[in-house]
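K.L.:
here is my input, please return the structure:
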Amino acid sequence: MLEWCDRATEIGLSGIALPEIVSAFCRLHREAKITATQYRQPKSLLLADIEDAAICDLTPVVLGHTVASLETNVLRGMDAIHIGSAVALQADVFVTAAARQREAATRAGLRVEMV
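P.N.:
Reported below is the predicted structural model:
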């Protein structure tokens with residue numbers, strides 16, 4: 001994922017991306033899988049990395065694409081919001097690690113790269 005970010009001229013994120021990522025960091029810290037320092041360091045890097053990112057709000061257009069993805073694919077709601085955001089942002093590339101999300105994003109007309 002970092003390689004994609006380094007190569008990108010612009011990064012677009014769904015408005016839910018940051019809370020989802022920080023939630024994962026918090027869970028790892030709560031479960032003692034990472035130390036407090038290991039929590040703070042990637043969180044700081046993430047916050048710095050997204051300073052210039054295009055953050056996509058949950059607009060009616062995004063929600064429309066989200067609902068369309070949910071109606072035509074087997075997806076979790078949050079995964080569909082990421083797809084709806086990417087479609088609304090007219091993303092050049094949608095990067096994911098989830099097979100279902102990849103299939104749904106492809107159906108939505110996005111060029112998808114797996115990490």
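
K.L.:
please count neighbours and contacts with C-alpha atoms only from this point.
P.N.:
Noted.

K.L.:
now stretch 57-73: mean pLDDT?
P.N.:
Across stretch 57-73, pLDDT averages out at 98.

K.L.:
and that stretch, what's buried?
P.N.:
Across stretch 57-73, burial judged by 16 or more other CA atoms under 10 Å covers 57, 58, 62, 63, 64, 65, 66, 67, 68, 69, 70, 73.

K.L.:
what's the following helix or strand after whatever helix or strand residue 87 lives in?
P.N.:
Element membership for residue 87 (DSSP states H and E) is helix 77-89. Using DSSP H and E, the helix or strand that directly follows helix 77-89 along the chain is strand 94-96.

K.L.:
counting contacts, what elements does the following helix or strand past that following strand pack onto?
P.N.:
Next in sequence after strand 94-96, counting helices and strands by DSSP H and E, comes helix 99-107. Other helices and strands packing on helix 99-107, by 3 or more CA pairs under 8 Å, 6 or more residues apart in numbering; DSSP states H and E, are helix 77-89, strand 112-114.

K.L.:
ok, 10 Å please
P.N.:
Secondary-structure packing of helix 99-107 (3 or more CA pairs under 10 Å, 6 or more residues apart in numbering; DSSP states H and E): helix 60-72, helix 77-89, strand 94-96, strand 112-114.

K.L.:
and the ones you listed as JSON lines, adding distance to residue 104?
P.N.:
JSON lines is the format used below for the helices and strands packed on helix 99-107 (distance: least, CA to CA, whole Å):
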{"stretch": "helix 60-72", "distance to residue 104": "7"}
{"stretch": "helix 77-89", "distance to residue 104": "8"}
{"stretch": "strand 94-96", "distance to residue 104": "11"}
{"stretch": "strand 112-114", "distance to residue 104": "10"}
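
K.L.:
thank you kindly, that will do.
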